[in-house]
Structures are given as structure tokens and as C-alpha cells.
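> Here is my input; please provide its structure:
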Amino acid sequence: MAIRSILTAPDPRLKTVCDPVPGVDDDLRALMDDMLDTMYDAPGIGLAAIQIGVPKRVLVLDVAREDEGRQPQYFVNPEIVWVSDDDISAEEGCLSVPEHYADVIRPAEVKVRALDYDGSAREVHADGLLAVCLQHEIDHLNGILFVDHLTALKRNMILRKLLKAKKQKISA
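Here you go, the predicted structure:
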């Protein structure tokens, strides 16, 4: 298990639509283990494979509160198969858009179908933070960042700040 580097916007690889995975094997489980270690180290509550430069439809998350202990979840080839008519507005942040947060409106509940760590099919009905996190991470697999849900003005302001910070880091 290893901690990997997380890509940050405006890295063009984050706009990649990821490829489905043919199945779960030891190599994919090793990738998911690395993703989980990377997510916990960052620290974050969700990570899509593309965020570490791997264009596969894989994500990990753990939305458990600190007092509950770790409760990692694995989603291979996740797809949203149902969304509620009700929406929720929640403040979102992203490991690939560091130190920037904004309110995003998404469906309040979703049903997601995927394979788990062992390759077994699962279906999860989620609401609250889990629903928001699943939608956010699945967006990553489709080349969408949370800032893409914002107005052009807000999105461009955040991306300009990230680009400026990246340039300052390179010249330092």
C-alpha cells in the first residue's frame, strides 16, 4: 500500500472520462488500497482513481464520523440508477481543488449500483453526506469537478487562484 500524489485542477487529466473496469482482481484491489491510504492521508472522505492519474471507473470513500472508526467503501464501475426528485444544497470541497469550498445543489437521494472490493454486485440507496459524496466522486469518473456545477464567474475565480498557486509553487 502506498500514498500517491493527488492531481489538482486545472490538470487536464481531471477532465478525463474514465474507462470501465472488466473485473476486480488483485491489481485493482491494490489500487483501491493505495487510493484509500491516499484519501486518509490527505485527509478526505472520497477519492476517484482519476484523481491519482488512473483513468478507471473506481472510487473509494469513508463518510464515517471520527468517533465511529473507519468504514471504507469501494465502488467499481459505479452508476447512478435512480435519483430523488428532491434536491439538497451542501458545501463541497475536493482534494483536487484544495482549500476551496462552495455550495452545490444535487439530488438529495441516489441509488448506486457497483461492484465492491471483492467483485460482488451491490446496490446502495444513499442520502445525506453519502449521497453527496457518491455523486461528487462519480462526477470525477465522468470528467466533472464540483466547480463545474458553479456559475462561470465562481468557477473561473477558483481555477485562476489554483493556477496562480501552482505557478508560485513551481517558481519557488
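> Low-confidence ranges, this structure, go.
Judged by pLDDT under 70, the chain has its weakly predicted residues at 172.
> quick one: the strands in it?
46-48, 58-61, 73-83, 87-94, 97-107, 109-115, 121-127 (DSSP state E).
> Can you give the distance of the fourth one from its chain's centre?
In this case it means strand 87-94. Averaged C-alpha coordinates place strand 87-94 at 13 Å from its chain's average position (CA atoms, centre = their mean, to the nearest Å).
> Can you tell me what sits against that strand?
Contact partners of strand 87-94, identified using CB atoms under 8 Å, 6 or more residues apart in numbering, comprise 100-108, 128-129, 131-132, 136, 145-147. No exception for glycine: its C-beta is placed from N, CA and C like everyone else's.
> Just the buried residues from the residues you listed, in ChimeraX please.
Applying 16 or more other CB atoms under 10 Å to these, the buried members can be selected in ChimeraX as follows:
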select :100,102,104,106,107,108,129,131,132,136,145,146,147
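> what are the ranges of the helices in this protein?
26-41, 128-141, 152-171 (DSSP state H).
> Which neighbouring elements make contact with the second one?
Judged by 3 or more CB pairs under 8 Å, 6 or more residues apart in numbering; DSSP states H and E, the packing partners of helix 128-141 are strand 46-48, strand 58-61, strand 73-83, strand 87-94, strand 97-107, strand 109-115, strand 121-127.
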